[in-house]
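Undergrad: Let me see the structure of the following:
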Amino acid sequence: MTIEALFTLLNYREPLWFLLIFVPLLSQLYKFFIGNKLLPVKYFDPKMSYWYLNHDIAYKYSQRKLIVLDYFFWIVFSIALAGPEFAEKTPTFTDQGGDNILVLLDTSASMNTADHKPSRLQRARSELYLLVNKLKQGDKLGLMLYAGVPHLLFPPTSDKDVVHFYLDKIKNDMLPTAGSDIKAALNQANAFMSDKYSSRNNYILLISDGDIDNPDQSISAIKSLKLNIPVYTLGLGKKINAPIPSLDQHVKWSELNNQPLISNRNDDFLKSISEITGGKYVVISDTESDLDFLYRNGIKSETYTIKDRENTNWIQMYHLFLLFAALILFYKRILATGH
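TA: Numbering: from 1, shown residues only. Coordinates of the predicted model:
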């Protein structure tokens with residue numbers, strides 16, 4: 001590393017110490033202008049002063065070496081005292097962390113449809129099991145069920161054992177009121193999260209087939225709620241006119257006017273909910289990882305985005321220059337003693 005590189009690549013905490021570089025120069029100026037005048041002229045003819053100073057070529061050469069070493073010593077010593085530092089920059093990865101996610105799970109009769117084996121609701125449970133195991137550190141997951149009325153099963157928690165405990169107990173007939181009042185569910189979920197977790201990042205994760213009566217009217221009603229929490233939606237079911245199984249063991253299908261009720265996934269309705277609130281919509285597939293995809297590329301793409309930042313780690317290098325200065329001083333001492 002050249003001297004120029006030392007001054008351009010390194011940072012110095014106390015650059016004023018570089019003034020010590022002028023010490024050997026001042027010393028030589030002192031000898032030149034003042035030191036020669038103090039020669040013991042009373043003991044010999046002043047005309048002999050040149051011979052006195054230059055009588056031995058080898059001695060003169062060694063003195064020059066000492067002067068050069070003296071310069072190098074003060075240069076290196078001043079660099080050491082100036083506190084040279086080398087900036088090692090490494091990327092750091094940060095996140096806004098600590099998101100609260102409330103899963104709003106549809107448990108209406110249509111979620112018992114078996115177009116996803118063994119049923120849409122059981123498929124939703126499988127997706128939730130996968131999601132829980134992949135939550136980022138600091139994130140919390142809660143669960144609210146809804147049918148005719150919404151019900152908070154448990155608030156957002158980071159305890160995976162608690163989440164697994166409640167997931168094991170989910171079934172279609174958990175709520176006493178039949179129906180699918182998604183407006184009331186969204187309103188209650190939004191109010192609960194806004195009230196309890198106003199200082200954190202809040203998200204609603206809706207899992208539903210979107211099979212309701214009068215979807216256009218429901219969209220207008222949801223718009224009027226002016227929800228302030230984004231809703232990310234996973235659409236369950238297939239568009240195959242699947243019959244809805246009956247919860248009555250003695251009847252195979254839910255019927256209306258002696259005809260089996262059928263259910264299809266309503267993509268337009270579910271997508272509209274996400275668009276209104278600033279979320280995203282994903283349609284279920286056969287991979288059993290769609291909810292995780294929605295979590296990673298939807299919710300966490302906004303709050304867990306890796307930011308390109310550089311963490312500067314200052315590596316101190318003064319000890320190397322101090323060691324070099326000590327070696328120069330030691331060599332100078334040996335050289336001076338030898339003559």
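Undergrad: if you go through this structure in chain order, where are the helices?
TA: For the chain, applying DSSP state H gives helices covering 3-9, 23-33, 49-54, 57-82, 120-132, 160-167, 182-196, 215-225, 267-277, 290-294, 300-303, 318-338.
Undergrad: residues contacting residue 74?
TA: 20-21, 23-24 (CB atoms under 8 Å, 6 or more residues apart in numbering). C-betas here are computed from N, CA, C, even on glycine.
Undergrad: I'd like those as a markdown table, with distance to residue 232 and pLDDT appended.
TA: Listed next are these as a markdown table, based on distance: CB to CB, whole Å; pLDDT from 0 to 100:
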| residue | distance to residue 232 | pLDDT |
| --- | --- | --- |
| 20 | 65 | 85 |
| 21 | 65 | 83 |
| 23 | 70 | 82 |
| 24 | 72 | 78 |
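Undergrad: any chance of the residues you listed in CSV, with neighbour count and distance to residue 175 too?
TA: Formatted as CSV, the contacts of residue 74 follow (neighbours: other CB atoms under 10 Å; distance: CB to CB, whole Å):
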residue, neighbour count, distance to residue 175
20, 17, 82
21, 15, 83
23, 16, 88
24, 18, 90
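Undergrad: Check those residues against residue 316 and report the nearest one.
TA: Taking CB to CB as the measure, residue 316 sits nearest to residue 20 out of the contacts of residue 74, at 19.1 Å.
Undergrad: How much space separates the nearest residue to the closest one once chain neighbours are set aside from residue 23?
TA: Excluding the flanking residues, the one nearest residue 20 by CB to CB, 6 or more residues apart in numbering is residue 78, at 3.9 Å. Residue 78 sits at a distance of 8 Å from residue 23 (criterion: CB to CB, to the nearest Å).
Undergrad: one step back: ok, which of the helices of the chain comes nearest residue 146?
TA: Of these, the one closest to residue 146 (CB to CB) turns out to be helix 182-196, at 3.6 Å.
Undergrad: got the angle between that closest one and helix 215-225?
TA: 20 degrees (axes from the mean of the first three to the mean of the last three CA atoms, to 10 degrees).
Undergrad: picking that back up, distance check, the residue nearest to residue 20 against residue 298.
TA: From residue 78 over to residue 298 (counting by CB to CB), the distance is 58 Å.
Undergrad: for residue 169, same thing?
TA: Distance from residue 169 to residue 298, by CB to CB: 27 Å.
Undergrad: which of these two has more neighbours?
TA: Neighbour tally, residue 169 and residue 298, criterion other CB atoms under 10 Å: the higher count belongs to residue 298, 21 against 9.
Undergrad: Once you drop chain neighbours, what's closest to that one?
TA: Residue 298's closest residue in space is residue 280 (CB to CB, 6+ apart), at 4.3 Å.
Undergrad: Tell me how far that neighbour lies from residue 177.
TA: Counting by CB to CB, the gap from residue 280 to residue 177 is 30 Å.
Undergrad: Tell me which of the two has more neighbours.
TA: residue 280 (19 against 11).
Undergrad: I'd say that one and residue 231 touch.
TA: No. Using CB atoms under 8 Å, residue 280 is not in contact with residue 231, being 9.1 Å away.
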